Every structure is written in C-alpha cells, then in structure tokens.
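Asker: Here is a sequence with its predicted model. Questions after.
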Amino acid sequence: MSRSPGLLNPLLLCLLVAVAGCEPTVIRLETKILPDGSINRAFLQPRERSSDESLAEGSWEQVTWLAAGDAREFVRPIRSLKIVNRQEVDHYAAAWGHFPDVIKVPDHYVRSVEHSDKTSRLKRDLKIADYGLVTEYLWSETLTDRVPLDEFREARTELFRLLSDFYEYIFSKGMSDEYEVSRLVRWLRTDGHDWFNAATDVLYESGIPLGPDEEETFKKELFRISVRHGLCPPGHDAAEFQTEDGDFDVERALPLVMQHHVRRRDGKPLTPDEMSAVFKVLLLEFDEKKPLEARLEKVRLEAVQRFPGGPEALNKQQAELLTRMFGIQGAGYTALEMFYCVLSVPGEIVETSGELQSDSSVRWEFSAIKAWPRGYEMRCRSLLDRTPEIRKSVQGTPQLNRSQMLKIIDLVSEDDELRELLIECRTSESLEPLRKLAERDGNDSFAKEVLDIVEPDKATTQ
C-alpha cells in the first residue's frame, strides 16, 4: 500500500543512507591520461547503469561480465578480469579501452529514477596547456546530480503541503472525538513549517553529512535551529535535549512539544502511548498492535485512498517531489552506490581533490549521494617536465622540480611570444632561441628568469 514520506524523513536521510540495503552497489573507475592526451579507461559497474549504446560492439576493446558478489570483492586492476560471456552472468558489466581524447570515452554510467526525466551521469573534461618546457593537464570528472535551490524549495513547499493535508486529516478523523488537536494542526502549519524549512535549508547547504566532521557540524546547526524555532518544549531547558554528540534529540523533544498542543477532552494527561502515537503521525508509521496507532493507521489508509488518482498517483507525486528535492542519487538512497576511482596522470600532481597514492596517481572513494545537490567533482592538476626532450642535447639542463614548473607557468601564461619560443626550443632541442630572447630583453625579463631556471649554473656565474 502506498505510503507518503513523513515530515522527518528528509532530515533523517543521512541516517537512512547508512543503513539502507544489505550491500552497497560498487562502481570502479580506472583512468590513465597519456602525455599526448589520449585516455586509457576501464570501468566496473552494475548492468543497469550501462546503456546498450555505451556497450555497443566496437565501443570498447573488451567487455566482460560478473556476478554482484564477485564485483563487490574485486580489487585487482579491471583489465585483469576473466572474459566471461554475458549469457553466463550479467549482474555487473566491465569494459576497457584506449581513446584518442576524452570526448571519445563512451558515456557509460547513467542513473535514473522512475517518474523523472533527469539522470545522473559522469561528465569528463581534460584541458592541456603547452608552455614549452612544461605541459599542464587539468582533469575533471563530475558525478552530476544538480538540484537548484529554487527548485529544491519549490518541491519542499509542495511536499509540506501534501504532508500537512495528511496530518490534518489523520488528526481530525482519528483523534478529534477524544482529543483537542486544532492547536497542534496550527503549530504544524506555522512554527513546525518554519523549523522544517530552516532545517532542510541547512541540509541543502551542507550536503548529506556522511563523515564525522560533517555530521558534527550538521548536528550543531540543527540544535541551534531547533531551539530557535520552538522545538524546545515549554518548561524545559534546551540543554536537556542535547545529546553527547551535540545533536538535538528531535525524537524526544517533539513528542513533548506536541503534547503541549494536544489535550484530552476528559482533562486527563496524555499517556506515553498516546504521546508516541501523536509523534508517529509525523513519520506516518504506526504499530498496529496498539489501539490508538491501529486507529490512526486505518485513517491513514483512508487518506491514501481519498487522494486524487489513488495510491498510484500518490506514489508518483511523492517520488517526483523527493527527486526534485534530493536529486537522482538522494531520492534513490535505498540503493546506495559507492564509487572507487583511480587516476594516473603524466608528470607530477600539484593539486587534487582526491587522495594521493603517488606523485602521479590519485584516488577517490565516495558515496554517490555526495553528488547532491551540486555534483561531486574529481579534480586533478599535473605538470609534466618537458626539458628531458632538450636535455639530451643541452648539457647541464637539470630536471625541473614542482616549484620551478609552477614558476615557469606563471612567467609564460601571459606571454604568448615566450610560450611559442619555448615550444620552439623543445622541438628544436636547443635553448638558443631562449638565450637570444633573454639577451634582447635584458636581465629583468621573463625570458631571463626562465633561462635562469633551466640553466642555474650559468645564472650563478654571471
């Protein structure tokens, strides 16, 4: 039977992704950039993430197939996989190939969800800049899942309206005979609404908090928001509801807030079971073994049936709203995906958003849900020393270190004449054009500074 998402579920998303599913789906990517800008690419991913077009004959040098269990345990280079016919097993696809440039790499990863025409993909870009004595490689690969803030807020408003109508119907039909609930309904549409907006805004700005530091920051902000928007029950101090981790204990505070706004018509105080039932309306999940919750579940089912178009239409609308709020990866949190990516580059890495494995290799390990709401970008910048191409004919030309390569780029990037001249030096395997330019422009010129870097012995004797 269809079930609408409860009010708290978006805020509990960070907890749900940690427990959803028995095993995460695995995506492995191996990329090697060669000095000429060509690409060696290999992937291992679920079959359903691979379009037929991306696996078409001729797209890759080799395609093979694995069972899900084997794919999760596989840690060796993808190219070492045994070649298996698709008819034997096709839970996971793996493929590898060599491509003349980044544009030619097939668009092999696509994730979509029902009721949405949006997709989450891997978008790649490689920029190569030739500075004569140094070549710069700028790699970017982004797992896309962008949700603009205005779209997020618009969908959130529609979701809250949908939920509020459910809550009011359940409270009125399921409790009004024995309880006064009008104040609670009013609180939900005012202070409760403001709290929900503020809390989900923080979630949008910070992204889903998966790491310890991110989670701590999110919890502290949620605590501040909860106190500011009246989630601290009347007659209580906010410190009573702060956990050891710095979180605001919403599940303990909310029942007390709601108790303050609900009264039994016979004047008696609410029992713990009654307080629990009121709170569970927010989650739209009930324990039917308890009389009041069983009654509320029955009313909830009535509300679902009364929804225009019935349960199927409700399912469609809530799926659309969750996707508009949390993107493809967020809305599909029950199928958690983990990415394991390795990149090898020419030269030496000078900047990266990943974890260095060596001077020329970097890796990323992340949950796909980190792509929400702006995409998850894997960046890497490397510099390749090209002086070995002239060192064989110019004695005493040392290998460039990182700081020297960066310095040459700073000097050359705004000087097209110098850049073209250094390319000429490399192709002619001679520094003579640079020496002549330095002599012409003088000791304070960029050309003289570059010459001093590549011929330090001569610079110290002058």
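Answerer: Alright, I've got the coordinates.

Asker: isn't Arg379 right up against Lys127?
Answerer: No - the criterion here is Cβ atoms under 8 Å, and Arg379 misses it with Lys127 at 11.3 Å. C-betas here are computed from N, CA, C, even on glycine.

Asker: Find residues that contact each of the two.
Answerer: Each of Leu138 lies in contact with both Arg379 and Lys127 under the rule Cβ atoms under 8 Å, 6 or more residues apart in numbering.

Asker: More neighbours: which of the two?
Answerer: The neighbour count for Arg379 versus Lys127, taken as other Cβ atoms under 10 Å, is higher for Arg379 (17 against 12).

Asker: residues of the helix or strand in which the more buried one is found that come out buried?
Answerer: Using DSSP states H and E, the element containing Arg379 is strand 376-385. Buried residues in strand 376-385, defined by neighbour count with 16 or more other Cβ atoms under 10 Å: 376, 378-385.

Asker: Export those residues to TSV and append columns for pLDDT.
Answerer: Conversion of the buried residues of strand 376-385 to TSV gives the following (pLDDT from 0 to 100):
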residue	pLDDT
Tyr376	96
Met378	98
Arg379	98
Cys380	98
Arg381	98
Ser382	98
Leu383	98
Leu384	98
Asp385	96
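
Asker: Distance to Val134 for these - can I get that in CSV?
Answerer: Shown next, in CSV, are the buried residues of strand 376-385 (distance: Cβ to Cβ, whole Å):
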residue, distance to Val134
Tyr376, 29
Met378, 23
Arg379, 19
Cys380, 16
Arg381, 12
Ser382, 10
Leu383, 5
Leu384, 7
Asp385, 6
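
Asker: which among these gets closest to Glu244?
Answerer: Tyr376 (31.0 Å; Cβ to Cβ).

Asker: Tell me where the stretch 351-462 of the chain has helices.
Answerer: 388-391, 402-412, 416-428, 432-441, 446-454, 456-461 (DSSP state H, counting those that start in this stretch).

Asker: whoops, I mixed them up, the stretch 101-250 of the chain
Answerer: With helices called from DSSP H, counting those that start in this stretch, the stretch 101-250 of the chain shows them at 149-175, 182-189, 191-206, 212-228, 250-261.

Asker: Ile103: which of the ones you listed is closest?
Answerer: Closest among the helices of the stretch 101-250 of the chain, using Cβ to Cβ: helix 149-175, at 29.4 Å.

Asker: Does anything pack onto the closest one? Which helices or strands?
Answerer: Judged by 3 or more Cβ pairs under 8 Å, 6 or more residues apart in numbering; DSSP states H and E, the packing partners of helix 149-175 are helix 182-189, helix 191-206, helix 272-283, helix 291-306, helix 310-331.

Asker: what distance separates that helix from the centre of its chain?
Answerer: Distance of helix 149-175 from the chain centroid (Cα atoms, centre = their mean, to the nearest Å) equals 27 Å.

Asker: orientation of that helix relative to helix 310-331 in degrees?
Answerer: Orientation check (axes from the mean of the first three to the mean of the last three Cα atoms, to 10 degrees): helix 149-175 against helix 310-331 gives 140 degrees.

Asker: Buried residues, helix 149-175. List them.
Answerer: Buried residues in helix 149-175, counted by 16+ other Cβ under 10 Å: 152, 155-156, 158-160, 162-164, 166-168, 170-171, 173-175.

Asker: Okay, angle between the strand holding Arg379 and helix 402-412 too, please.
Answerer: Angle of strand 376-385 versus helix 402-412, following the same axes, to 10 degrees, is 90 degrees.

Asker: Would you mind writing the CA trace of strand 376-385 as CSV?
Answerer: Output of strand 376-385 as CSV, limited to C-alpha atoms (Å, rounded to 0.1, in the frame of the first residue of the first chain):
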residue,chain,number,x,y,z
TYR,A,376,30.7,15.6,-7.0
GLU,A,377,33.8,16.7,-8.9
MET,A,378,37.1,14.8,-9.0
ARG,A,379,39.8,17.3,-9.9
CYS,A,380,43.5,16.8,-10.6
ARG,A,381,46.2,19.1,-12.0
SER,A,382,49.5,17.7,-13.0
LEU,A,383,52.7,19.2,-14.6
LEU,A,384,54.9,17.3,-17.0
ASP,A,385,58.6,18.4,-17.3
